[in-house]
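Asks: this one's sequence-less:
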Ligand code: UDP
């Protein structure tokens, strides 16, 4: 029985299973919408944690599985991923069994961070397609983590952080995709390794990216991942992320932007997961204030460890930034980035944010915190040359300097020109005959062809 009260025996369906974090939910729901618009019926298995409001998606069937997270007290993202991958095994298996009894399931599409689902799909002869919600370049860096470890780069982490990784240009040792987010790097390593190894066993791999951007890395991907690969992004150009937002968008951001000069405002947001301490928050605030540029700053409740919102910002800073800044708890990011007043985006280099910025031709300042963000930001600055990476972390002088370079100086114009070229390529790749368009056609054919093999 589904949430619409129907049991249509042998109706064809695709089952999707997102990782329940904002940056993973958005692309999985966008993919679901894309596939639904191509005629597929969608069943969404979702953890109780961050379960969406089904009434926003009357065209999908929802199936909630218990995860035990709330009762567990587990909090940081690495521990949550580890916990869910152990606690959701049986609930997922039971739910999938029920769905396969009620429907004819063509395949299951799961986030790459659900490695346990491969063995379950194999056990019931169901093709598993992996959605990797980040860039190809960062996925390849994840796939090289074992090599980085064997070469001893992990044990070097406190020494020569700026040294290049010869096996993986242009990454530096400090870009190795592990986390400040947890002290237990062995857990991070295990999570990454399981993701990579189980993805290698999948029937196909989908990326929310476009091949023109990541062309030089495609041969490496095809060499290491021998299944069919589909690059059909950017997904949000088909369907926006606004309905899947876990927090309420503050629409005053837009009315405030309406009053600003064209391309004058720096938009600042570090996504849905990253955290910082009070001292770093103050560095960000001083950097912004000292730059003397207008800014729209998202301070998400929970961004600052141990504080509710902005109560730790000294009044002198609040006064100085109130002259030219606006602070909100959560912004309608896609609308913000497409606003005429936006001239730059200071981001944590989450992949959705990076793609959304490229789509609007907005050059970036990058402050990566952990995981794929490290590689994304390195590529934004050193390969695509559409942004400035803050090499010292969050430090007020470097921040002020980067804001001026991006917003005021000629250097920013060069980045703006290059990112506008990429924006144009996106328009071409999504249109009839373009690379993402063709890749989506192939994905539709591929899933349809699974029907005959799974009947
Ligand atoms: N986002 C938003 N409002 C905000 C900040 C972020 O709607 O104020 C959205 C943003 O558009 C993106 C997602 O949240 O789609 C963040 O995903 P990303 O991969 O960039 O980072 P994560 O949150 O996973 O670290």
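Replies: Looks like it came in fine. Because the structure is predicted, anything quoted here is derived from the model rather than measured.
Asks: wait, residue 80 sits on residue 69?
Replies: Yes. Taking Cβ atoms under 8 Å as the contact criterion, residue 80 and residue 69 are neighbours in contact, 6.6 Å apart. Placement of C-beta: from N, CA and C, glycine included.
Asks: quick one: common contacting residues for these two?
Replies: Common neighbours of residue 80 and residue 69, using Cβ atoms under 8 Å, 6 or more residues apart in numbering, are residue 49.
Asks: what residue ranges in the stretch 151-300 of the chain are flagged as low confidence?
Replies: 155-159, 178-184, 241-242 (pLDDT under 70).
Asks: ranges for the helices of it?
Replies: With DSSP state H, counting those that start in this stretch applied, the stretch 151-300 of the chain shows helices at 185-200, 211-214, 218-224, 252-258, 278-291, listed in chain order.
Asks: Compare those and give me the one nearest the ligand.
Replies: Distances from the ligand to each of the helices of the stretch 151-300 of the chain were compared by Cβ to the nearest ligand atom, and the smallest falls on helix 252-258, at 8.3 Å.
Asks: Can you tell me what sits against the closest one?
Replies: Where contact means Cβ under 8 Å, 6+ apart, the residues beyond helix 252-258 that reach it are 265, 296, 326, 328, 331-332, 335-336, 339, 341-342.
Asks: Swap in 6 Å and give it another go.
Replies: 296, 326, 328, 331, 335-336, 339, 341 (Cβ atoms under 6 Å, 6 or more residues apart in numbering).
Asks: Please apply the same query to stretch 68-82.
Replies: Residues from elsewhere that reach stretch 68-82, judged by Cβ under 6 Å, 6+ apart: 49, 83, 87, 113, 181-182, 187-188, 191, 273.
Asks: Filter those residues down to just the buried residues.
Replies: Among the contacts of stretch 68-82, those that count as buried by neighbour count (16 or more other Cβ atoms under 10 Å) are 49, 83, 87, 113, 181-182, 187-188, 191, 273.
Asks: So which of these reach the ligand?
Replies: Among these, the residues within reach of the ligand (Cβ under 6 Å from any ligand atom) are residue 273.
Asks: how close does residue 267 sit to residue 357?
Replies: Distance, residue 267 to residue 357, by Cβ to Cβ, to the nearest Å: 9 Å.
Asks: Mutual contacts of these two, please.
Replies: Shared contacts of residue 267 and residue 357, defined by Cβ under 6 Å, 6+ apart, comprise residue 345.
Asks: and the chain, which of its residues are near the ligand?
Replies: Looking at the ligand, the residues of the chain close enough under Cβ under 6 Å from any ligand atom are 21-23, 26, 241, 245, 269, 271-273, 298, 330-331, 333-334, 350-353, 356.
Asks: count of neighbours near the residue nearest to residue 38 when sequence neighbours are not counted?
Replies: Taking Cβ to Cβ, 6 or more residues apart in numbering as the measure, residue 38 lies nearest to residue 444, with 5.1 Å between them; neighbours along the chain are not counted. When counting by other Cβ atoms under 10 Å, one arrives at 17 neighbours for residue 444.
Asks: mean confidence for stretch 307-321?
Replies: Computed over stretch 307-321, the mean pLDDT rounds to 88.
Asks: Also stretch 67-82?
Replies: In the prediction, stretch 67-82 has an average pLDDT of 92.
Asks: What is the end-to-end distance of that stretch?
Replies: Terminal residues of stretch 67-82 are spaced 12 Å apart (Cα to Cα, to the nearest Å).
Asks: Now do it: distance to the chain's middle.
Replies: Centre-to-centre, stretch 67-82 and its host chain are 19 Å apart (Cα atoms, centre = their mean, to the nearest Å).
Asks: So which bits of that stretch are buried?
Replies: Judged by neighbour count using 16+ other Cβ under 10 Å, the buried positions of stretch 67-82 are 67-69, 74, 76-82.
Asks: TSV for the buried ones among the contacts of stretch 68-82, including distance to residue 63?
Replies: Formatted as TSV, the entries for those read as follows, by distance: Cβ to Cβ, whole Å:
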residue	distance to residue 63
49	14
83	20
87	16
113	19
181	30
182	30
187	29
188	30
191	25
273	25
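Asks: Residue 235: which of the buried ones among the contacts of stretch 68-82 is nearest?
Replies: Among these, residue 113 lies closest to residue 235 (Cβ to Cβ), at 17.1 Å.
Asks: helix, strand or coil for the residue nearest to residue 247 when sequence neighbours are not counted?
Replies: If the residues on either side of it in the chain are set aside, residue 247 comes closest to residue 330, at 4.0 Å by Cβ to Cβ, 6+ apart. Look at residue 330: counting by DSSP: H, G, I helix; E, B strand; the rest coil, its state is coil.
Asks: didn't residue 330 look like it was pressed against residue 245?
Replies: No. Proximity of residue 330 to residue 245 does not meet the contact threshold set by Cβ atoms under 6 Å, at 7.3 Å.
Asks: list the contacts for residue 18?
Replies: 24-25, 28, 111.
Asks: Now the buried members of these.
Replies: Buried members of the contacts of residue 18, scored by 16+ other Cβ under 10 Å, are 24-25, 28, 111.
Asks: The residues you listed in helices, which ones?
Replies: Judged by DSSP state H, the buried ones among the contacts of residue 18 include 24-25, 28 as members of helices.
Asks: Based on its surroundings, how many neighbours for the residue nearest to residue 202 when sequence neighbours are not counted?
Replies: If you skip the residues right next to it in sequence, residue 202 has residue 130 as its closest partner in space, 4.5 Å away by Cβ to Cβ, 6+ apart. In terms of burial, residue 130 registers 28 neighbours under the definition other Cβ under 10 Å.
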